[in-house]
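Novice: what's the 3D shape of this:
(2 chains)
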Amino acid sequence: MSKVPLSRTGDIVWSRTSKTNSELFTLTYGVLVAQLLRDFEGVEEVNRELRRMGRNIGVRLIDEYLSKVSLASPSTPPCTAFRQTGDSIAKVAFKMFLGITCDITHTTDKKFVLTLTENPLSTFVEVPPSREGLSYAEILNGVIEGALGAVSLRVKSKFMKQIERGDDVTEIVVEMIERIKDGVGEGYKDE
Amino acid sequence: MIYSFYVYRRDGVCLFKTTYHSVDGDVEGDPEAEDEREKLVFGMAFSLKELIGQLSPMDGSTGQQIDCPLGTVKTKSSTMHTYETLTGFRFIVYTDPSINTMQHHLQAIYRIWVDKVVKSPLVKQKGGGYDISDTEFERQAKEYFEKVPGFQR
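Specialist: Numbers count the residues shown, from 1 in each chain, chains lettered A, B, ... in the order given. The predicted structure is shown next:
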């Protein structure tokens, strides 16, 4: 069976996506974080709020991802293993939404590490010592958790390294916790 | 001929329904009967999928049941076409039996759904689902279905 390589799928979808200026994007995100820092008491709360926003974005992005990928490469079957899920995120999802691809290392069957040599969210950004503890691009973790949550995978996503804190790369560790069981809602019980 | 069209979310809550052509003995206008039908449609799709899942063969390499989404259920008088996304949305359309496949049409409808509902900031979230008071999806879906060969007969 001839299969379209994932990176090729990523390129196809990326070429069809309407784009925005990357500096505008970076600065808009910067304004958002700056506003949250003013609105909330501590950095921990800001981190939590960013993650929550990310989740809400993720549950919507996954639908866009699925509908666009099925159009770009109809022969690609759904992921059956968590490894494939990781590869799809690294090569297709990051490409189509952020324009970058990242390297992936599978540490176990249920855990992988995404390595980003650049992070479009945090270009020009340095976290000052007074804001130590701020996870500037925390929204990414929320997006990953939200998106995978919508396809029945409960995962934990967190940063190991962050460029804006002085590391050479950004590393995101994603670990699968469990598969959420399908079931019907309240209206169908006792019927 | 396309009779009716439903969208459900994962837990069976009906997010959208519409009737394009009513059939004999149609319950339209009777909200209670309509609610009942809406539940029956989902119940059938859900139970059939469960059942088929249990009967389907195991994948030798993974030891897991091969995932087999429900496609079409055909009877002499009508056909039910379903398309389920990985995110748990079910798109179900009832047609007369002369229409063989609607899968790619339902995928196109999914793309409209993504554009007009999922990505629309105007559509409010309602308990983890979407509140379709947005008529743009309704309009575009109708427009799309009307172009499907066999919509009207």
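
Novice: going by C-alpha atoms from here, please, whenever you check contacts or count neighbours.
Specialist: Will do.

Novice: can you give me phi and psi for residue A:180?
Specialist: phi -80, psi 130 (degrees, to the nearest 10).

Novice: how about the strands in chain A?
Specialist: Counting by DSSP state E, one finds strands in chain A at the ranges A:103-108, A:111-116, A:153-161, A:170-179.

Novice: point out the most buried one among those.
Specialist: Highest mean neighbour count of the strands of chain A: strand A:111-116, a mean of 22 (counted as mean count of other Cα atoms under 10 Å in any protein chain shown).

Novice: now it - C-alpha only, PDB.
Specialist: Output in PDB follows, covering the C-alpha atoms of strand A:111-116 (Å, rounded to 0.1, in the frame of the first residue of the first chain):
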ATOM      1  CA  LYS A 111       5.300   8.600  26.400                       C
ATOM      2  CA  PHE A 112       7.100  10.800  23.900                       C
ATOM      3  CA  VAL A 113       9.100  14.000  23.900                       C
ATOM      4  CA  LEU A 114       8.600  16.700  21.300                       C
ATOM      5  CA  THR A 115      11.700  18.800  20.700                       C
ATOM      6  CA  LEU A 116      11.200  22.300  19.100                       C
END
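
Novice: other residues contacting it?
Specialist: The contact list for strand A:111-116 (Cα atoms under 8 Å, 6 or more residues apart in numbering or on different chains) reads A:83, A:86, A:90, A:101-107, A:169-176.

Novice: would TSV of the strands of chain A with mean pLDDT be doable?
Specialist: As requested, the strands of chain A are exported to TSV (pLDDT from 0 to 100):
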stretch	mean pLDDT
strand A:103-108	93
strand A:111-116	94
strand A:153-161	93
strand A:170-179	92
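
Novice: closest one to residue B:102 among those strands?
Specialist: strand A:153-161 (28.8 Å; Cα to Cα).

Novice: tell me what angle the closest one forms with strand A:111-116.
Specialist: Put simply, strand A:153-161 runs at 50 degrees to strand A:111-116, going by axes from the mean of the first three to the mean of the last three Cα atoms, to 10 degrees.

Novice: from the centroid of chain B, which residue is nearest?
Specialist: Closest to where the C-alpha atoms of chain B average out (Cα atoms, centre = their mean) is residue B:92, at 1.7 Å.

Novice: any idea how far residue B:141 is from whichever residue of chain B sits closest to chain A?
Specialist: Residue nearest to chain A within chain B: residue B:11 (4.3 Å; Cα to the nearest Cα). Per Cα to Cα, to the nearest Å, residue B:11 is found 23 Å from residue B:141.

Novice: who touches the residue positioned nearest the centre of chain A in this structure?
Specialist: Centroid-nearest residue in chain A, with Cα atoms, centre = their mean: residue A:144, separated by 3.7 Å. Contacts for residue A:144 (Cα under 8 Å, 6+ apart) come out as A:54-55, A:58, A:157.

Novice: if anything else comes up later, I'll come back, but that's it for now.
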